[in-house]
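Visitor: need a 3D model of the sequence below.
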Amino acid sequence: MNSALPDDQLSFRAYFIRIHGPEIDPTVRMLLVETSVAQPIYEGFGSLSQCERWIVQLTGWIIPKDVLSVLRKRIEQKRMATICHQSSESVVF
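Guide: Residues are numbered from 1 along each chain as shown. Next comes the predicted model:
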């Protein structure tokens, strides 16, 4: 019996906190949370582009370029951002 949930039932939040570094690719702390259990499943520290790759590797969730653009602007302005992904839709706040 396969206990894995289908991808369309999983939802994730990725929290990013800017630590330092250049505006183009700052160093961030990332916390990836699967929202149905509300527990972190991964924590990382690296450049924003590294964190984007980790999300794809861990979840298969490919973040659209327009969402990445908003994410980068939000981190630059407020030093932190959250991406919420559910049912193939992504939102930055």
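Visitor: ok, and what's touching the helix ranked longest in the chain?
Guide: Secondary structure of the chain per DSSP state H: the longest helix is helix 65-78. With C-beta atoms under 8 Å, 6 or more residues apart in numbering as the test, helix 65-78 has contacts from 16, 18, 23, 26, 28, 48, 52, 63, 80-81, 83, 90-93. To be clear about C-beta, it is placed using only N, CA and C from the backbone, and glycine gets the same treatment.
Visitor: for the residue most central in space within the chain, which residues make a bridge with it?
Guide: Nearest residue to the geometric centre of the chain (C-alpha atoms, centre = their mean): A14, 3.3 Å. Listed by DSSP bridges, the beta-bridge partners for A14 are L32, I83.
Visitor: show me what contacts it?
Guide: Per C-beta under 8 Å, 6+ apart, neighbours of A14: 30-33, 51, 55, 82-83, 85.
Visitor: how about a cut-off of 6 Å?
Guide: A14 makes contact with 32, 55, 83, according to C-beta atoms under 6 Å, 6 or more residues apart in numbering.
Visitor: ranking those by neighbours, who comes first?
Guide: Neighbour counts for the contacts of A14 (other C-beta atoms under 10 Å) peak at I83, which has 24 neighbours.
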